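In: for reference, the sequence and a predicted model appear below.
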Amino acid sequence: MSAINGAKKLNGKEEQPPATSSQLVMSSPHFSPPAPQPFPGNGHPDSAANNQLISKKTEKMMGRRGSYTAAEGKIISLRRLWDEIDVKRTRSILSMSFLRYLFFVTIYLIALYHQKNGKTACNMHVTFKEYFNSPLADSQRGQFRFEDIRTTDELWMWLEMKFIPLYYELFWSNGDAKIDFYKSTLLNHNRIANGLRLTQRRAPLNKCSPTAKYVAFFPYCYPSLDEGASESKLAFGPYYNDQKYRYTTFANQGEDNGFVVQLPFNYNDTVTQLRSLRADRWIDEATQWWRLDFATYNPSVDMFAQVELIVEFTTSGRVKPKIEVSSMRSEVYMNRSRDYVQIVLEILVMMGIIMYVVGDVKDFLIHRAAGKVYTQFLGSFWIIIDILQFTFFFMDFVLWMIVIADPVRKDIKVQLGPIVEGTRRDVSLDTLQMHNTTLSLMPSSYNNNNYFVVQSFTVLITLLRFLKYMAMSTVTAGLIETFLVMKVYLLQYIIVVCVCNVGFAYVGYILFGHELLEFATFNSSYFTLFATLLGEGIKYSDLHAVNPTGAPILYIPFVVFYVFIVLQLVVGIIMESYQVYLANRSRHVSLAHQILYGFARAFNFFRSFVDPEETYRYDGPDGAQLREWLETTEFTQETEVTQQELYELLRPHNVTREDVAFIFKRYSFCTREQDPPMPEPEVNDMVRELYKQIKVSLFSSPSLFHPSLPPSLPPSIHPSIPFVRLSLVLLTHVWVSGAFRVSVDRSPQAGFDSLRTEHVN
């Protein structure tokens, strides 16, 4: 019985309506395809007029490549055909989207590069750090740097012997005195804005809880500000004036609050005041944070810089010095061609973001108009990436507006020195002030840091979105598809690794936290182990030197778990995901092939570069037409049809047989050989009867063969041997059940039912 219901009655007889797609899918298990009919012209097969006509497209095909012939014995998978057409459509869309996105990302990165101005800022930061961290020669300690300071006495000594000579460069290298403008200049280009500022933060006395019985032994304690204790704002001073140094609060500079001492730009006054502070024990046991800072302006690069020399005094007695430098452009947009280009680039970036948002909204509305669930659209991996990208772009825009509107630049006032001796001005008293106090870049630096931190996440997500377009290339498609398959498993793996690392971090903290800074806190212990996993971090010898017993307790389980278990799980996840990709992948072609054949379809000129054997593909229906035909066709994962069945299936769309033949030829990689027909039921009955007779003859007769069967075994083999009997039965069973295919020839040429066997081994 044929799978195509509603077949036509030819030769002028009544015609039934064509079969539906659901009827085509429900094919009989004993399906026998109808005999192939000759392909008529354009139109229905029973139309005599159409049988005499050939469409222009068919004439063109026959003139170039000859008439398409029926694919005898071939069936095509509709699911694979749909996947191939869908992949071609996706590649076509992605190719244009890739060019637009590449242009957008290029503009975005160039604009961000100009905003950061990293090269100039980095040069300033490195220069100041190297300048003030240069070694100081001491008779007792030898050479030591600012970052080598370990006591309060060393800090005061370094300030007087090293910092003051560096800060006050009053003479040129040949010994000549500098002019007034250059006397307050560092490294010849950076003029000091408003002298020095010393700041400290103090801990309150006896606001901690020591053990009661030891209070009389040592009755003075200070809580740690790093651990959340409130700083002391009580005035202090030497014995003759205990209210000499008072707490200073800045209205718009919360980071600069503390006990502040201003030092104007004057060499003698600075040295005198530093010695006075040291004599008054301005830095004492209550001091836990100290800073020396000053600001400079460099007209050559039009940038401000703030240099901070910071020393932390921990409650354990440790001294931790460090140098920090922050910079800021005098204006966000200056009157330079470079900044005009930056403004244009930023406008283009905003326009691109708006276009992408509008495009995603349109896709969502189309998805909803098709009656699909909105979660199916929003749950897509790439849609989630798009939403994250747009969210971070919005945050970037808000933070950049804050940077542009930063009041620090507007609040800077130029205070020139007074006029002395007629028209001569006292240049040494020139200052840059903000709110009538020392210039501070801390608020501006804080806003800039926040902006570029968020931008770093935006760049990562923007580059992650590039993976979607890399799937067009044969070289990278496997990598991208494998990543998409394993993304959920990879996330689960990362969670497991992070959770397990918590246990190892606590073990390291317990065993080595009292000796090694890498394990002094949970945070440092956690990231030290991560660094060790990546080949950095700490070595076993360092652990063994501190705690020989605890070193193997941490190191051996850590290495075994991560190297022999976790790492193998990663390899397993990747291999399994790659196998899934190979099992479900569509046919991939090279990017050059896609570009060449795409241009050849659009422009006839490029067809001269295409293989002549492949030019036929431009005469048949394109992928968009095939997609339109298949969208209204019902089929399942297992639906496979012959050429005749596909023609009947697509007849409602006025598809010609040449179109169907073109599909089979163009998408031959979606076809396979048709399975042979199943044997008829009566043949199975004949085979069972033959098998039954052979079995009875072997076991019921004393002779080896039934009298009605011709002998074919030598007389030496006697049936009384059980092994021989069993072997003969098994051989007969194999012969009957699969070694030969038995069918009935009902062809008109035979004229009768004849039993035939076909060897299939």
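Out: Received, thanks. The structure presented is a predicted model; accordingly, all values stated were derived computationally and were not measured.

In: okay, CA-based contacts and neighbour counts for the rest of this
Out: Fine.

In: and the most centrally placed residue in the chain, what pLDDT?
Out: When Cα atoms, centre = their mean is applied to the chain, the residue found nearest the centroid is residue 464 (3.7 Å). For residue 464, the pLDDT comes out at 86.

In: now residue 540
Out: 89.

In: with residue 461 instead?
Out: At residue 461, pLDDT is 93.

In: try the one 10 residues further on
Out: With respect to pLDDT, residue 471 has a value of 68.

In: ditto for the one 10 residues further on
Out: Confidence per residue is given as pLDDT, and for residue 481 that number is 77.

In: is it true that it touches residue 582?
Out: No: under the criterion of Cα atoms under 8 Å, residue 481 is not in contact with residue 582, lying 9.4 Å apart.

In: residue 197 touches residue 259, doesn't it?
Out: No: taking contacts as Cα under 8 Å, residue 197 lies outside contact range of residue 259: 10.2 Å.

In: among these two, which residue is more densely surrounded?
Out: Just comparing residue 197 and residue 259: by other Cα atoms under 10 Å the higher neighbour count belongs to residue 259, 22 against 18.

In: skip the chain neighbours and tell me the closest residue to residue 329.
Out: Leaving aside its sequence neighbours, residue 329 sits nearest to residue 303 (Cα to Cα, 6 or more residues apart in numbering; 4.4 Å).

In: okay, how far is it across stretch 230-243, tip to tip?
Out: End-to-end span of stretch 230-243 (Cα to Cα, to the nearest Å): 20 Å.

In: check stretch 256-265 too.
Out: 20 Å.

In: quick one: contacts of it?
Out: Outside stretch 256-265, the residues that touch it by Cα atoms under 8 Å, 6 or more residues apart in numbering are 184, 194-201, 233, 245-250, 269-270, 273, 428-429, 442.

In: so among those, which ones count as buried?
Out: Buried subset of the contacts of stretch 256-265 (neighbour count, 16 or more other Cα atoms under 10 Å): 184, 194-201, 245-247, 270, 428-429, 442.

In: in the sheet, which strands lie alongside the helix or strand hosting residue 191, parallel or antiparallel?
Out: Using DSSP states H and E, residue 191 sits within strand 190-192. Paired strands of strand 190-192, with direction, are strand 185-186 (antiparallel), strand 287-298 (antiparallel) (DSSP bridges).

In: three-state assignment of the residue lying closest to residue 223 once chain neighbours are set aside?
Out: Distances taken as Cα to Cα, 6+ apart place residue 208 nearest to residue 223, at 5.3 Å, with adjacent residues excluded. When classified by DSSP: H, G, I helix; E, B strand; the rest coil, residue 208 comes out as coil.

In: coming back round to it: just the pLDDT for the residue nearest to residue 329.
Out: 90.

In: who touches it in this structure?
Out: Neighbouring residues of residue 303 by Cα under 8 Å, 6+ apart: 297, 327-330.

In: among these, which ones are buried?
Out: Among the contacts of residue 303, those classed as buried by 16+ other Cα under 10 Å are 297, 327-330.

In: the residue nearest to residue 667 when sequence neighbours are not counted: neighbouring residues, count only.
Out: Of all residues not flanking residue 667 in the chain, residue 81 sits nearest, at 7.3 Å (Cα to Cα, 6+ apart). Using other Cα under 10 Å, residue 81 has 22 neighbouring residues.

In: okay but residue 81 is in contact with residue 669, surely?
Out: No: with contact defined as Cα under 8 Å, residue 81 does not count as touching residue 669 (9.0 Å).

In: hmm, back to that, give me the subset of the contacts of stretch 256-265 lying in helices.
Out: Mapping these onto helices (DSSP state H) picks out 269-270, 273, 442.

In: dump those to a markdown table, plus pLDDT.
Out: Shown next, in a markdown table, are those (pLDDT from 0 to 100):
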| residue | pLDDT |
| --- | --- |
| 269 | 89 |
| 270 | 91 |
| 273 | 93 |
| 442 | 79 |
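
In: what is the most widely separated pair among those residues?
Out: Greatest spacing in the ones in helices among the contacts of stretch 256-265, by Cα to Cα: 269 and 442 (26.6 Å).

In: looking at residue 481 and residue 582, which is more packed in?
Out: More crowded of residue 481 and residue 582, by other Cα under 10 Å: residue 481, with 22 against 13.

In: which residues of the stretch 101-250 of the chain fall in strands?
Out: Secondary structure of the stretch 101-250 of the chain (DSSP state E, counting those that start in this stretch): strands located at 136-138, 142-144, 185-186, 190-192, 196-202, 247-248.

In: lowest average pLDDT across these?
Out: Mean pLDDT values for the strands of the stretch 101-250 of the chain show the minimum at strand 136-138, a mean of 70.

In: residue 607 belongs to a helix?
Out: Yes: per three-state DSSP, residue 607 lies within a helix segment.

In: list the residues that contact residue 430.
Out: By Cα under 8 Å, 6+ apart, the contact list for residue 430 reads 193-194, 414-417.
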